[in-house]
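> Just to be clear, the model below is a prediction. Sequence and coordinates:
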Amino acid sequence: MYKRDLITAEIQKLGQAIARILGLKQEGRLEEADNGLNEMLESDFGILFTDLVACDATDFMAFLTEKNFPSEKLEILSQVLYLKFNTTVLTEENKSVAEKLQLTYQTLEVKHHVVNMNNLSRQKTVTDFLKQHA
C-alpha cells in the first residue's frame, strides 16, 4: 500500500506540473513552458530531451523497459511528449518525438492494457503526421 501511495503522490505532483506548464503556454510564455517540459523529462523521467530525440526506437524501448514506469507515470510521459510535439512543423526533432509517442502509446496498450479516448485521438494525430511525412 505504501508504494501505491508514493506513486499516487508522484502522479499528483506531475499532474500539477503539467497544469502549470499548460498555464504558461496559454499565457504565451512558450519558452518557459518548453523549459519546464525539458526539466520534467530530466528530473521525473531520467532522460534529457536531446537524448530522447537522438535515440532510436530500440534504445527508447530499452529505456522504457529499464525504467518500468507504472501506467500512470507512463501516461504523464505521453502527455509531456505530446506537449513537445507540433503537428504543423516537419523537423527531424518533431518526427522523432512523434515516433517516441507512438511507442509510448503502444507500451500503454500492450503492457499496461490502458486505452482511453484522449490517447486514441492523439495516437491518430501522431500516426497521420508520420504517414504524411514518411
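In hand now; what should we look at? Numbering: from 1, shown residues only.
> The worst-scoring helix or strand of the chain on mean pLDDT packs against which elements?
One helix or strand of the chain scores below all others by mean pLDDT, DSSP states H and E: helix 2-26, with a mean of 88. Helices and strands touching helix 2-26, by 3 or more C-beta pairs under 8 Å, 6 or more residues apart in numbering; DSSP states H and E, are helix 30-45, helix 71-84. The C-beta positions use only the backbone N, C-alpha and C, and glycine is treated the same way.
> And the last one, what's buried?
It stands for helix 71-84. By 16 or more other C-beta atoms under 10 Å, the buried positions in helix 71-84 come out as 72-84.
> cool, and the first one?
Neighbour-count burial for helix 30-45 flags Ala33, Asp34, Gly36, Leu37, Asn38, Met40, Leu41, Asp44, Phe45 (criterion: 16+ other C-beta under 10 Å).
> Show the model's pLDDT score for the second one.
The predicted local confidence for Asp34 comes out at a pLDDT of 95.
> can you pull the contacts of the closest residue to it other than its chain neighbours?
Closest residue to Asp34 apart from its sequence neighbours, by C-beta to C-beta, 6 or more residues apart in numbering: Lys84 at 7.6 Å. Applying C-beta atoms under 8 Å, 6 or more residues apart in numbering to Lys84 gives the contacts Asp34, Leu37, Phe49, Val97.
> before we move on, what about Gly15?
Contacts for Gly15 (C-beta under 8 Å, 6+ apart) come out as Ile76.
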